[in-house]
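Engineer: Show me the folded form of this:
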Amino acid sequence: MVLASGFYACVNKENETRDNAIDSTLQTSATAILESKLAELNAQSGQVIVMEVQTGQIKALVGLERKDSADYQPCENFSVQQPTGLMQGVSLLAALETGKVKMSDRVNAGNGIYVCKGDTVFDHNCHRGGYGEITVKQGLASGSNIATVKTMENAFGNNAQAYFDVLSKMSYGKPDSINGILQPYRITEKNITWNCIGYEQLISPIQVLTFYNAIANNGKMVQPQLYKDSVVVINPQIANKANIDSLKLALAYNVTDGLGQPAKSDKTTVAGKQGTIIVSTDNGNTMYAVEFCGYFPTDNPKYSVVVSINKTGLPASGGVMAGDVFKKIADYINDWEV
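Structural biologist: Predicted coordinates for the structure are as follows:
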């Protein structure tokens, strides 16, 4: 069994007698699923975290990275932060909170290239002519950066600070620490055009999972727990219940009809969001994070899962690559519980 050794190294001796939340069987299986995908993609590293929706208990905490050898070894740092391709769902909830946009609103993604305040935003299908006019819901399901940026413009206008205020009110980026080892989420530059699609920020997968877990939990954000302690509430209601319900429907639609379809399971109902983002361009090599974060079953969520894989070069697809890992873990948990 591969344990997250670095995570536990910082835990005080007094915690050794507490009841560990990690399930060893699930940990072993999630490790094997992730390792197989990393080898298939020739990826550099990856994380899988499985959390109970209502309690925040972490049932599996897997991190693997390629070191000197070709083999994957347990990673020693779960607090590594980078941009995230999973920001579109977060931004859309912030926009819904203003009351100025709805899922049924239409936005024009055009030909997939949008010049905005001196910045140029691209959609992944710009070489095929873009998405044209679509609904906000379709924009989420198609992973359209342009639809997200234009929705933020409709919601916040020229008041970019209002967007960041809503993120703070929703407790995005929490927790600041778990057993003293997570770093606080950081915005490196306040630029709503790039922030709303995941750039100009540094966040860890477990912090992203905490937010999506709150969506699954009808707005109640709970602290991720390594031990079977009492539930710690970070924010009792991150957003309006009706807006959370709208986003949940869109996240379910994304898996049934959108680019999240590779995460679809025959054994349980799934809702979630995929993402692909550039995390570095060192030495001319572009490193991508391919991610999927979601929960199941959709009508009464019990587990939330984040999958984050770092790989060099194309192809890079959060739906196809990370979504497949999510599906296999959801299938395993469904069989495991039966």
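Engineer: how about the helices in this protein?
Structural biologist: 5-9, 24-41, 87-97, 136-141, 145-156, 160-169, 192-195, 205-216, 241-257, 323-337 (DSSP state H).
Engineer: Give me the mean pLDDT for the last one.
Structural biologist: When you say that, I think you mean helix 323-337. When pLDDT is averaged along helix 323-337, the result is 94.
Engineer: In that helix, which residues are buried?
Structural biologist: 323-334 (16 or more other C-beta atoms under 10 Å). (C-beta placed from N, C-alpha, C; glycine too.)
Engineer: Could you check the angle that helix makes with helix 241-257?
Structural biologist: 100 degrees (axes from the mean of the first three to the mean of the last three C-alpha atoms, to 10 degrees).
Engineer: what do you get for the fifth one?
Structural biologist: Relative orientation of helix 145-156 and helix 241-257, computed by the same axes, to 10 degrees: 170 degrees.
Engineer: can you check the second one too?
Structural biologist: Here helix 24-41 points in a direction 60 degrees away from that of helix 241-257 (the same axes, to 10 degrees).
Engineer: what distance separates helix 24-41 from the centre of its chain?
Structural biologist: Distance of helix 24-41 from its chain centroid, counting by C-alpha atoms, centre = their mean, to the nearest Å, is 18 Å.
Engineer: surely Arg106 meets Gly139?
Structural biologist: No: counting by C-beta atoms under 8 Å, Arg106 stays clear of Gly139, with 9.5 Å between them.
Engineer: who's more crowded, the two?
Structural biologist: Gly139 (28 against 11; other C-beta atoms under 10 Å).
Engineer: of all the helices of the chain, which lies closest to Asp266?
Structural biologist: Among those, helix 323-337 comes nearest to Asp266, with 7.7 Å by C-beta to C-beta.
Engineer: If I follow the layout properly, Gln47 ends up in contact with Gln81?
Structural biologist: No: with contacts counted by C-beta under 8 Å, Gln47 stays clear of Gln81, the gap being 11.9 Å.
Engineer: If you count surrounding residues, which of the two has more?
Structural biologist: Gln47 (24 against 17).
Engineer: hey, where'd the strands end up in the stretch 51-200 of the chain?
Structural biologist: Here the stretch 51-200 of the chain has its strands, by DSSP state E, counting those that start in this stretch, at 58-66, 72-74, 106-108, 113-116, 119-122, 133-135, 186-187.
Engineer: TSV for those strands, including mean pLDDT and distance to Cys293?
Structural biologist: Output for these, formatted as TSV (pLDDT from 0 to 100; distance: least, C-beta to C-beta, whole Å):
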stretch	mean pLDDT	distance to Cys293
strand 58-66	96	14
strand 72-74	92	22
strand 106-108	97	23
strand 113-116	93	25
strand 119-122	94	22
strand 133-135	98	22
strand 186-187	96	19
